[in-house]
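1. missing the sequence, but the structure's below:
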């Protein structure tokens, strides 16, 4: 990037927007259950097609990267 010159007002506005979005973080409290509630989640099975999908996605991504060069 060649010397990008922004007016001071744009830099200040950007900094204020960034600080405002970082300062406003909603507070979420931890959800608690009564002692008689079973709050354990059973594990989800991983399907065999997950590996096939990852391999196909990797192949497609590599092919697309090689075409762009």
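-> Ah, there it is. None of the values given here were measured: they were computed from a predicted structure.
2. any idea how far residue 45 is from residue 7?
-> 57 Å (Cβ to Cβ, to the nearest Å). For every residue, glycine as well, the C-beta is placed using N, CA and C.
3. In this protein, where is pLDDT below threshold?
-> Within the chain, the segments meeting pLDDT under 70 span 1-6, 24-34, 37-39, 44, 46, 69.
4. what are the ranges of the helices in it?
-> Assigned by DSSP state H, the chain shows helices spanning 8-23, 49-68.
5. Mind checking the ones you listed for the one nearest to residue 36?
-> Smallest distance to residue 36 across the helices of the chain (Cβ to Cβ): 35.7 Å, for helix 49-68.
6. name the helices or strands packed onto that closest one?
-> The helices and strands touching helix 49-68, judged by 3 or more Cβ pairs under 8 Å, 6 or more residues apart in numbering; DSSP states H and E, number zero.
7. mind starting the numbering at 763 from now?
-> Right, with 763 as the first residue, what we last looked at is helix 811-830.
8. Okay, buried residues for it please.
-> Using 16 or more other Cβ atoms under 10 Å as the test for burial, helix 811-830 gives no buried residues.
9. now what about it, what contacts it?
-> Under the contact criterion Cβ atoms under 8 Å, 6 or more residues apart in numbering, helix 811-830 has no outside partners.
10. returning to that earlier point: looking at the helices of the chain, which is nearest to residue 797?
-> Nearest to residue 797 among these is helix 811-830; the distance by Cβ to Cβ comes to 36.4 Å.
11. how many other residues sit next to residue 775?
-> 12 (other Cβ atoms under 10 Å).
12. Serialize the helices of the chain to CSV and add fields for distance to residue 803.
-> Converted to CSV, these look like this (distance: least, Cβ to Cβ, whole Å):
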stretch, distance to residue 803
helix 770-785, 32
helix 811-830, 19
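13. And the ones you listed: which comes nearest residue 802?
-> Short answer: helix 811-830, nearest of these by Cβ to Cβ, at 23.4 Å.
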